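In: sequence isn't available, so here's the structure alone:
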């Protein structure tokens, strides 16, 4: 399997498979409150069996070419990940998402991992439109989208109830030509 170095700090991007259930559950437990501030990500994974079921669901999505999970390991420890969902290669559309436990924040891990994921989606799979959807209150997530060159398409006001509050949901996107241009600028500035 692949292991992509995300820099010289010991961070790697790897497949996140059902056999990683114990590591995945430990990652969720360390970050459950932080990760779950705006969405119920990982709430179904409460033990090794349900963590495995969650990972199997995404393994099945990968097999069906409709989604995938990719873990971020820092010094050999799973600390978060990036994912695709609503992946439709025929239409050229995909959504991306991410999660990270609090101890791993502030290192640029999501930004670096997402660059690989979006490059793959655009260049290898021919995705034309990549979407990033996040709660308006999830400022760190929206900042990553902005840093990567996504543009805000709009806000779905009070789009979903979670934690006793109705949250606004922001839709951001980047098109393949914009992604290539942003990557070219980033390479030029290095």
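Out: Done, it's in. Not measured: the values here are computed from a predicted model. Numbering: from 1, shown residues only.
In: residue 142 reaches residue 170, doesn't it?
Out: Yes. Assessed by CB atoms under 8 Å, residue 142 is found in contact with residue 170 at 6.3 Å. Any C-beta I mention is one placed from the backbone N, CA and C, and that applies to glycine too.
In: look at these two and report which has more neighbours.
Out: Comparing residue 142 with residue 170 by other CB atoms under 10 Å, the one with more neighbours is residue 170, at 22 against 18.
In: below-threshold pLDDT in the protein: ranges please.
Out: Where the chain drops to pLDDT under 70, the residues are 1, 186-190.
In: and the helices in the chain, which stretches?
Out: Using DSSP state H, the helices found in the chain span residues 21-35, 48-64, 109-119, 139-147, 176-188.
In: just these: most buried one?
Out: Most buried of those by mean neighbour count (mean count of other CB atoms under 10 Å) is helix 109-119; its value is a mean of 21.
In: neighbouring contacts of that one?
Out: Helix 109-119 has contacts (CB atoms under 8 Å, 6 or more residues apart in numbering) with 4, 6-7, 11, 13, 70, 72, 74, 79-82, 84, 96, 98, 100, 130, 144, 147-148, 174, 179, 183.
In: apply 6 Å and report the result again.
Out: Here helix 109-119 makes contact (CB atoms under 6 Å, 6 or more residues apart in numbering) with 4, 6, 11, 13, 72, 82, 98, 100, 130, 144, 147.
In: of those, which is the nearest to residue 62?
Out: Using CB to CB, residue 82 is the member of those that lies nearest residue 62, at 13.4 Å.
In: now do the same contact list for that closest one.
Out: Contacts of residue 82 by CB under 6 Å, 6+ apart are 70, 98, 113, 114, 117.
In: then residue 35?
Out: 41, 99.
In: what residues of stretch 127-141 count as buried?
Out: Residues of stretch 127-141 classed as buried: 127, 129, 130, 131, 132, 133, 134, 135, 138, 141 (neighbour count, 16 or more other CB atoms under 10 Å).
In: in strands, which of these appear?
Out: When the buried residues of stretch 127-141 are checked against strands (DSSP state E), the matches are 129, 130, 131, 132, 133, 134, 135.
In: show me which pair in the residues you listed is furthest apart.
Out: 129 and 135 (20.9 Å).
In: one step back: for the contacts of helix 109-119, give me JSON lines that also has distance to residue 163.
Out: Shown next, in JSON lines, are the contacts of helix 109-119 (distance: CB to CB, whole Å):
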{"residue": "4", "distance to residue 163": "34"}
{"residue": "6", "distance to residue 163": "31"}
{"residue": "11", "distance to residue 163": "30"}
{"residue": "13", "distance to residue 163": "30"}
{"residue": "72", "distance to residue 163": "25"}
{"residue": "82", "distance to residue 163": "24"}
{"residue": "98", "distance to residue 163": "20"}
{"residue": "100", "distance to residue 163": "19"}
{"residue": "130", "distance to residue 163": "28"}
{"residue": "144", "distance to residue 163": "22"}
{"residue": "147", "distance to residue 163": "27"}
